[in-house]
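Engineer: Here you go, sequence then predicted model.
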Amino acid sequence: MRDPVLIRLIGGRFFYGWVMVASALAINLLSSTLNPVIFSFFIGPMSEDLGVSTSALSWSLTLRLVTAGLAGPLLGVLIDRHGTRWLGAACGLLAGITMMALSFVHSLWLVYALFALTGFAGFGGPAGQLLTQVPLARWFVLRRGRALAVATTGMAAGTTVAIPATQALIEAFDWRTTYALFGLVVAVGIAGVSILFVRRAPEDMGLHPDGADQPLDLTAALSRPSAIATHEQWSVREALRTPAMWLLLAALGCTGVALTGTLVHRVHYWTDLGMSPALVGLGTALDPLTVVFSLMVFGSLGDRVPVRYLGVVGFGGLALSIVPMIVSNGEAYTILAHNFLWGAAAGGFITLNNLVWPNYFGVQSVGALRGVTLPVSIAASGIGAPLYGYLLDAFAPSAVWTVSLSAFALGALLVFFARPPRRPQPVEAAPPRLVPADLETRQV
């Protein structure tokens with residue numbers, strides 16, 4: 001169905017796909033207050049106010065991730081069929097209202113319930129945002145890497161702003177007021193942007209991907225170096241039969257535990273080493289700030305370089321970033337080195353997650369595919385926060401961070417072997433075998 005109002009507004013020269021990119025960027029920016037980095041600043045004040053341990057409170061994030069995994073398959077199918085205009089608005093309202101409700105809780109079970117409810121909105125989970133990434137895969141093909149990179153910088157830029165804002169608001173008021181303000185911004189902002197600007201696909205507006213004048217010839221596009229890996233459209237069932245899918249799932253699973261576990265507990269770790277709150281805030285903000293630039297570099301490379309190589313660099317860089325944590329005794333350079341390396345490498349990991357699914361399996365069922373595979377990442381990430389809490393209580397921090405380093409290194413190895421899938425070539429029928437009677441007939 002065409003949208004005549006927007007078609008008149010944009011005219012015939014400007015490609016509306018870039019409005020979609022800006023909308024996705026804005027939604028990612030607004031939802032950044034739901035990610036584990038920001039939660040790491042709430043976990044201390046919340047545990048003191050509610051009288052519970054940080055390990056017990058970490059399960060709230062796990063519950064959010066679990067419900068996000070349960071909602072993922074349904075969200076993916078709905079996105080493929082109906083787009084994210086009204087669905088995104090509903091999810092934004094759900095996330096914002098539950099965040100505002102957190103300001104009234106006084107028991108741990110209510111925190112668990114609200115975090116679990118927030119997960120159904122789809123925001124704040126790992127492996128990217130279904131509501132912002134899946135639609136853009138339909139609007140862009142040859143410029144997909146750059147478009148998704150620009151949109152994804154919203155999460156990093158939002159986190160960069162949200163870190164000092166969270167610290168300042170909690171110190172000036174308390175964690176309850178901070179959650180109420182964040183929830184209001186999420187509800188109004190995401191719902192407004194979704195309704196006003198988000199549209200399902202370029203064909204609904206009489207347009208073609210990348211702003212082309214005619215439908216893209218994907219077979220010809222494959223001649224370009226690594227623009228896309230396939231011109232075929234894979235169903236979820238077909239994708240699950242490929243080695244690439246299982247290698248990618250294994251990589252995301254083993255690194256998901258380390259990723260969330262490290263993100264949630266590293267702030268508390270730096271504080272325990274005696275670093276000042278100002279240094280911890282500066283060091284932590286360096287991570288998402290670096291991600292903004294890293295995403296642009298990796299996103300541009302993603303249109304030319306095989307995406308699995310970018311994933312290898314990303315996971316390898318995350319492993320390298322753990323070294324300063326292992327050797328740290330509270331020196332300022334260690335937190336700065338860790339967060340810079342982490343942010344620089346995260347661009348490769350995020351770009352892999354953005355591009356590998358549409359590039360390897362096409363866009364026809366990419367929402368359903370992401371919805372089915374998302375629970376694997378979410379299950380692994382959900383285990384990470386509480387598991388690392390218990391490990392840090394039982395073992396030396398350097399031993400726990402070594403687990404993170406090993407997991408990221410293993411992820412790099414698995415991604416390296418996850419080559420683009422190829423459909424089996426049909427076997428040509430062998431010529432009919434001549435029996436003696438046929439030979440006699442031919443001789444006659």
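Structural biologist: Received, thanks. Numbering: from 1, shown residues only.
Engineer: show me where the stretch 101-250 of the chain has helices.
Structural biologist: With DSSP state H, counting those that start in this stretch applied, the stretch 101-250 of the chain shows helices at 108-119, 130-139, 144-172, 175-197, 218-221, 236-239, 243-272, listed in chain order.
Engineer: These: lowest mean pLDDT?
Structural biologist: Across these, helix 218-221 has the smallest mean pLDDT, namely a mean of 53.
Engineer: low pLDDT regions in the chain?
Structural biologist: Scanning the chain with the threshold set as pLDDT under 70 gives 1-13, 124-128, 216-231, 424-444.
Engineer: by contact count, what packs against the helix or strand harbouring Phe340?
Structural biologist: For Phe340, the element it lies in under DSSP states H and E is helix 332-361. Secondary-structure packing of helix 332-361 (3 or more Cβ pairs under 8 Å, 6 or more residues apart in numbering; DSSP states H and E): helix 130-139, helix 144-172, helix 243-272, helix 277-301, helix 307-321, helix 323-327, helix 366-394. Any C-beta I mention is one placed from the backbone N, CA and C, and that applies to glycine too.
Engineer: could the ones you listed go into a markdown table alongside distance to Ala191 and mean neighbour count?
Structural biologist: Below are the helices and strands packed on helix 332-361 laid out as a markdown table (distance: least, Cβ to Cβ, whole Å; neighbours: other Cβ atoms under 10 Å):
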| stretch | distance to Ala191 | mean neighbour count |
| --- | --- | --- |
| helix 130-139 | 12 | 26 |
| helix 144-172 | 16 | 22 |
| helix 243-272 | 27 | 22 |
| helix 277-301 | 24 | 21 |
| helix 307-321 | 33 | 24 |
| helix 323-327 | 39 | 18 |
| helix 366-394 | 20 | 23 |
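Engineer: Now distance to Met46 too, for the helices of the stretch 101-250 of the chain, in a markdown table please.
Structural biologist: Output for these, formatted as a markdown table (distance: least, Cβ to Cβ, whole Å):
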| stretch | distance to Met46 |
| --- | --- |
| helix 108-119 | 7 |
| helix 130-139 | 27 |
| helix 144-172 | 10 |
| helix 175-197 | 6 |
| helix 218-221 | 50 |
| helix 236-239 | 38 |
| helix 243-272 | 12 |
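Engineer: out of the ones you listed, nearest to Asn35?
Structural biologist: helix 144-172 (6.3 Å; Cβ to Cβ).
Engineer: can you give me the offset of the closest one from its chain's centre?
Structural biologist: Centroid displacement of helix 144-172 relative to its chain, using Cα atoms, centre = their mean, to the nearest Å, is 14 Å.
Engineer: Run the angle between that helix and helix 243-272 for me.
Structural biologist: 30 degrees (axes from the mean of the first three to the mean of the last three Cα atoms, to 10 degrees).
Engineer: and Phe315, what is it in contact with?
Structural biologist: 251, 255, 345, 348-349, 408-409, 411-412, 415 (Cβ atoms under 8 Å, 6 or more residues apart in numbering).
Engineer: Spatially nearest residue to it, not counting backbone neighbours?
Structural biologist: Leaving aside its chain neighbours, Phe315 sits nearest to Ala412 (3.7 Å; criterion: Cβ to Cβ, 6 or more residues apart in numbering).
Engineer: Residues touching the host helix or strand of the one you found, excluding its own?
Structural biologist: For Ala412, the host element (DSSP H and E) is helix 397-416. Residues from elsewhere that reach helix 397-416 (Cβ under 8 Å, 6+ apart): 247-248, 250-252, 254-255, 257-258, 261-262, 269, 308-309, 311-312, 314-316, 318-319, 322-323, 325-327, 352, 388, 391-392.
Engineer: 6 Å - rerun?
Structural biologist: For helix 397-416, contacts defined as Cβ atoms under 6 Å, 6 or more residues apart in numbering pick out 247, 250-251, 254-255, 258, 262, 269, 308, 311-312, 315-316, 318-319, 322, 325-326, 391-392.
Engineer: What residues sit buried inside that helix?
Structural biologist: Of the residues in helix 397-416, 397, 400-405, 407-412, 414-416 count as buried by neighbour count, 16 or more other Cβ atoms under 10 Å.
Engineer: That helix versus helix 366-394: what angle between them?
Structural biologist: 160 degrees.
Engineer: between helix 397-416 and helix 332-361, what angle do the directions make?
Structural biologist: Inter-element angle recorded for helix 397-416 and helix 332-361: 30 degrees (by the same axes, to 10 degrees).
Engineer: ok, Ile190 - contacts?
Structural biologist: Ile190 neighbours (Cβ under 6 Å, 6+ apart): 27, 30, 92.
Engineer: Neighbour count, secondary structure and distance to Leu102 for these - can I get that in JSON lines?
Structural biologist: Formatted as JSON lines, the contacts of Ile190 follow (neighbours: other Cβ atoms under 10 Å; DSSP: H, G, I helix; E, B strand; the rest coil; distance: Cβ to Cβ, whole Å):
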{"residue": "Ile27", "neighbour count": "30", "secondary structure": "helix", "distance to Leu102": "21"}
{"residue": "Leu30", "neighbour count": "27", "secondary structure": "helix", "distance to Leu102": "17"}
{"residue": "Gly92", "neighbour count": "27", "secondary structure": "helix", "distance to Leu102": "16"}
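Engineer: Out of those residues, which comes closest to Ser276?
Structural biologist: When the contacts of Ile190 are compared against Ser276 (criterion: Cβ to Cβ), the nearest one is Leu30, at 30.0 Å.
Engineer: Next, work out how far apart the closest residue to that closest one other than its chain neighbours and Ser32 are.
Structural biologist: Distances taken as Cβ to Cβ, 6+ apart place Gly189 nearest to Leu30, at 4.2 Å, with adjacent residues excluded. To Ser32, Gly189 is 11 Å away according to Cβ to Cβ, to the nearest Å.
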